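K.L.:
Please work out how this folds:
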Amino acid sequence: MQRRFITLALAATLVGLAGPTLAAEDHHKPAKGGIMVPGKEADYELVAKPDVIQLYVSDHGKPRDVSKAGAKLTLLAGPDKQEVELKPTGDKLEATGNFKVGPGTKVVAVVTDGGKALGTARFTLK
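P.N.:
Next comes the predicted model:
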């Protein structure tokens with residue numbers, strides 16, 4: 001009887017620990033239809049279209065103020081390399097233009113906030 005109680009208590013503890021872990025991972029799902037990459041200081045979601053590139057920056061699922069932020073992107077599409085600078089636009093960093101963003105394009109984003117390095121994120125477009 002005591003062994004069964006210990007087993008049940010251990011199982012309940014493990015289930016209790018798994019619940020918060022699963023809930024914590026929910027903020028890593030893309031909210032804007034892009035590609036999500038978790039970072040040390042922030043999480044990044046990249047939405048890349050041929051005429052606009054947007055980068056959403058969040059802090060554990062909560063929107064982050066990007067009014068003083070910026071990002072420099074390097075797009076690598078086969079032999080082609082393109083540098084793009086993103087500027088604050090509302091709740092995101094954004095650039096408009098003509099971009100090669102087909103499947104397999106690799107994107108490296110170097111993000112700054114208030115002139116200080118915030119983080120680097122790497123994406124591969126699908």
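
K.L.:
For this protein, just list every one of the helices.
P.N.:
2-25 (DSSP state H).

K.L.:
Just to check, I35 is in contact with R122?
P.N.:
No: between I35 and R122 there is no contact under C-beta atoms under 8 Å: 10.2 Å. Yep, even glycine has a C-beta here, placed from its N, CA and C like the rest.

K.L.:
Pick out whichever of those two has more residues nearby.
P.N.:
More neighbours surround I35 than the other of I35 and R122, with 17 against 12 (other C-beta atoms under 10 Å).

K.L.:
OK, contacts around the more buried one?
P.N.:
Taking C-beta atoms under 8 Å, 6 or more residues apart in numbering as the criterion, I35 is in contact with 45-46, 48, 123-126.

K.L.:
Could you rerun that using 7 Å?
P.N.:
Going by C-beta atoms under 7 Å, 6 or more residues apart in numbering, I35 touches 45-46, 123.
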